[in-house]
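J.: mind folding the following:
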Amino acid sequence: MKTITPVAEVRRHILETGQAIMGGKGFSAVGLTEILTAAGVPKGSFYYYFKSKDAFGEALLEQYFADYMAELTELLEKPGQSGAQRLMAYWEKWLKTQAGCDSQGKCLAVKLGAEVADLSEAMRSALRIGTAKIMQRLAKAIEDARADGSLAVEGDALFLAEILYQLWLGASLLEKITRTGESLKTAMAATHRILNVPPQN
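T.: Numbers count the residues shown, from 1 in each chain. Down below sits the predicted model:
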């Protein structure tokens with residue numbers, strides 16, 4: 001069992017505070033003082049935990065994707081459901097959490113992706129690695145659903161996962177612009193068609 005040290009706890013607290021603020025404002029618009037004040041951590045101690053703001057951003061994305069993968073695995077391995085049901089539950093959750101203008105729970109890859117990819121190679125790399133892991137896990141979920149007979153769709157599983165993930169990222173970006181929920185509903189309809197899964201009435 002991994003021991004959580006006070007230093008690790010404070011570091012995690014700073015990251016979680018930063019994610020909540022940057023999820024609403026973006027990376028560049030938020031200063032370290034705002035994050036540390038909200039976290040209740042002295043500004044002078046920031047560099048004990050992170051070498052720079054870019055290093056903080058990289059760590060923030062790595063932690064975000066680690067948490068995301070843990071939640072994704074739990075959802076896609078939920079007992080009592082078929083592989084197809086678990087897979088569609090993931091997209092249903094995405095639709096529910098990304099609709100509207102509330103920044104809490106929003107996909108950080110959507111919020112920060114275009115912004116930080118041009119600011120920091122380290123953060124771009126963290127985004128690339130994190131999103132690749134998500135698509136690989138979704139590909140496994142597609143293969144699992146095929147194996148249990150609940151999904152009948154042809155094509156390479158990773159290719160399908162990439163198409164779907166790109167579809168939902170784009171829909172989430174449009175949702176940030178329109179705030180109507182329509183782009184996400186369209187993504188859900190397209191997902192049903194791509195995976196050949198009839199919508200539930």
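J.: counting by contacts, list what the lowest-mean-pLDDT helix or strand in the chain packs against.
T.: One helix or strand of the chain scores below all others by mean pLDDT, DSSP states H and E: helix 108-117, with a mean of 83. Counting contacts by 3 or more Cβ pairs under 8 Å, 6 or more residues apart in numbering; DSSP states H and E, helix 108-117 packs against helix 6-25, helix 53-76, helix 121-147, helix 157-178. C-beta: built from backbone N, CA, C; applies to glycine.
J.: contacts for the helix or strand just after the first one?
T.: I take that to be helix 6-25. For helix 6-25, the following helix or strand on the C-terminal side (DSSP states H and E) is helix 32-39. By Cβ atoms under 8 Å, 6 or more residues apart in numbering, the list of residues contacting helix 32-39 from outside reads 13, 14, 17, 18, 20, 21, 42, 43, 46, 53, 56.
J.: which one of the residues you listed is nearest residue 6?
T.: Residue 6 lies nearest to residue 13 out of those, by Cβ to Cβ, at 10.3 Å.
J.: wait, what's in contact with that closest one?
T.: Counting by Cβ under 8 Å, 6+ apart, residue 13 has contacts 39, 41.
J.: what's the separation between it and residue 7?
T.: 11 Å (Cβ to Cβ, to the nearest Å).
J.: about what we covered before: buried among the contacts of helix 32-39? Need that as a selection in PyMOL.
T.: The following PyMOL line selects those of these that are buried, judged by 16 or more other Cβ atoms under 10 Å:
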select buried, resi 14+17+18+21+46+53+56
